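Q: show me how the following folds:
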Amino acid sequence: MDLNGKAISFSASKNGSLRGSADIPGDKSISHRALIIGSLAFGETKISGLLDSFDVMSTAAAMRLLGAKIYKHNDGDWIVSGVGVGGFVSPEDIIDCGNSGTSVRLIMGVASTCDISVTFTGDSSLRTRPMKRIVEPLREFGANVYGRNKNTLPLTLVGAKNPLPIDYISPHSSAQVKSAVLLAGLNAPGETSFIETTLTRDHSERMLNAFGAKIKTEKTKEGWVTVLKGHPELKAQNLRINRDPSSAAFIVCAALIVNDSDVFVPNINLNPTRNGIYETLVEMGADITFENQREDNGEPIADIRARYSPEMKGVDVPENRAPSMIDEYPILACVAACAAGRTKFFGVGELRVKESDRISSIANGLRKCGVSVFDDKDSMEIFGNGAGSVSGGVLCESNLDHRVAMSFLCLGLASKNKITVDDVRSIDTSFPSFFTLMTNLGAEMRREPL
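A: Okay, here's the model as predicted:
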C-alpha cells in the first residue's frame, strides 16, 4: 500500500438497516506479537487466524530481514521458524515499517539488546510519530540510537553488546512502550521490570508466558509491576489468533446507530485490557449482549450481538479507562454524536500522537457534520442531539488514519445526508475486509471521484 500515492475517496449514506453476521479478522495486536515472539522461539510456530493486513505484513517482512523464516500455507496458516532469543542478525536492508507504529516500536525493543545494527523508517505518517518514548528506556539497556531527529524516524539503532536489565517507571500509559521494554529484557541478564500506573493491554505478557518465559504482573503501591526474567528458552507454539475487538467495534457501533439494525459478531477477544469500548457502550444504554463467553488460547472471548439503540445517553468516560479503549475513541465519538446529551472523554492526550492527531481529526469532522464539540489537550466533549440528528452532507478528512476513516463512514450510514471520506487507503493497514463485511450487512458505501 502506497500512502504517498493517489487518494481513494469513499462515501457512506443511509440505506436501510444492517443485518446479518460478520466474521471479523484476527486481532492486530496479537498478530504482531505472534510473529515477533515466534521469531524468538526455537522450532516452528504455527499460527492460524493471523491478520493479513499491511501493518502485520510489515512486521513479517522485518522478521525475515532479521533472520527468521516466515511463510504462509495454502490453508491460510502461517509458519514461523525462529532463531532463539538474541539470535537476530543485522539486516541487509533498511526495515520499512510502513504505517505501523506497533511494528517499529516492538521491533526496536527486541533489537536493542542484540549485537546488531538496524535502520528503521516508515511512510510519511509514521515518520511524524514520536519515538523518544521508546528510545529512552532502550538506551538504559545499553543501546544507542542515531538520527537527524532523535524523536522521529528514520533512526538507526545499534544494539547493546552487553545489555543490562532495567527497572523502568513509565511516564506513558502505552502497551507499545511496555512491550518494547519486555522484549528487550528477554536478552538481558537478571530481571527487567516495568511499572505503569494503569494496566495497559497485556497481550505480550500472556504470549510470552505461553512460550515459556518467566513473567509476572502484580499490583503494588507503585502501580502495576511486570517482572521478566531474562535469557529464557522460548519454545515454539501452535497459536490461534482471536478476532479483533477494535475492528469489531466499527460493526457493533454502526449497528447501534443505524435504524432497525441487528448484527452478530462471533469470537471476539474480550481481554479486560481491551474491552473499555464495550463497557462504555453498555453504560450509554446500548442494546448489546455477550453470548457464549469462554476462554481460548489464554484469552477471554465471546460472541457479540448489537441492535439499534435510539435511546442511548451521553456519559463521562473516565481517564483510567483510556488504556483499554485508546483505539476506539474515534468510533465512540461518532456514537456519542448520535446519543442524547454530553459525552466527555477524560485523559485522552495519547490520541494526539496516534496515526493522526485523532482528537483534532474527529472534532473537526464532527463539527462539519453539525455536531457541537469541545476539545483541549487532554479531553474531548461531544454534545449529541439523539438518534438521526447528525446532518452529514460533508467531506471529512481522514489524515491517513484508518480508524478516523472507518468512523466517519459508519457515521455516514446514520446521517441525514451522505458523508464522504477524502482518503480510505489506510483502512487496509488494519481491516482489509471492512468494505466487504459492511456491504454484506447492507451498508451503502461507494467510491467517489476525486
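Q: would you mind measuring from S204 to L409?
A: Separation of S204 from L409 (CB to CB, to the nearest Å) stands at 31 Å. Yep, even glycine has a C-beta here, placed from its N, CA and C like the rest.
Q: what's the answer for V373, then?
A: Taken as CB to CB, the span from V373 to L409 is 19 Å.
Q: more neighbours, the two?
A: L409 (29 against 19; other CB atoms under 10 Å).
Q: can you get me the start-to-end distance on stretch 381-401?
A: 21 Å (CA to CA, to the nearest Å).
Q: mind listing the helices for the protein?
A: 28-39, 54-65, 101-111, 132-141, 175-185, 203-211, 245-257, 276-284, 329-338, 358-368, 402-412, 434-441 (DSSP state H).
Q: what's the burial count for Y71?
A: 11.
Q: hang on, isn't it packed against I79?
A: Yes - using CB atoms under 8 Å, Y71 is in contact with I79, at 5.7 Å.
Q: hmm, back to that, possible to save the helices of the chain as TSV with mean pLDDT and distance to L155?
A: What follows is these, written out as TSV (pLDDT from 0 to 100; distance: least, CB to CB, whole Å):
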stretch	mean pLDDT	distance to L155
helix 28-39	97	18
helix 54-65	97	14
helix 101-111	97	8
helix 132-141	96	8
helix 175-185	97	13
helix 203-211	95	22
helix 245-257	98	27
helix 276-284	97	32
helix 329-338	98	28
helix 358-368	96	24
helix 402-412	97	24
helix 434-441	98	31
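Q: which one of those helices is the most hemmed in?
A: helix 402-412 (a mean of 30; mean count of other CB atoms under 10 Å).
Q: just the CA trace of it, in CSV.
A: Written as CSV, here are the backbone C-alpha positions of helix 402-412 (Å, rounded to 0.1, in the frame of the first residue of the first chain):
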residue,chain,number,x,y,z
HIS,A,402,-7.6,4.1,9.3
ARG,A,403,-9.7,4.5,12.4
VAL,A,404,-10.8,8.0,11.6
ALA,A,405,-11.7,6.9,8.0
MET,A,406,-13.8,4.0,9.2
SER,A,407,-15.5,6.0,11.9
PHE,A,408,-16.8,8.7,9.6
LEU,A,409,-18.0,6.1,7.1
CYS,A,410,-20.0,4.4,9.9
LEU,A,411,-21.5,7.7,10.9
GLY,A,412,-22.5,8.3,7.3
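Q: domain ranges for the chain?
A: 9-26+242-448, 28-239 (automatic domain parsing).
Q: report the beta-bridge partners for E291.
A: D303 (DSSP bridges).
Q: identify the residues contacting it.
A: Going by CB atoms under 8 Å, 6 or more residues apart in numbering, E291 touches A302, D303, I304, R305.
Q: quick one: the first one and P245, what's the gap?
A: As for A302, its distance to P245 is 10 Å (criterion: CB to CB).
Q: overlap in contacts of these two?
A: With CB under 8 Å, 6+ apart, A302 and P245 have common neighbours I268, L270.
Q: mind listing the strands for the stretch 351-450 of the chain?
A: Using DSSP state E, counting those that start in this stretch, the strands found in the stretch 351-450 of the chain span residues 372-375, 379-385, 394-396, 419-421, 444-448.
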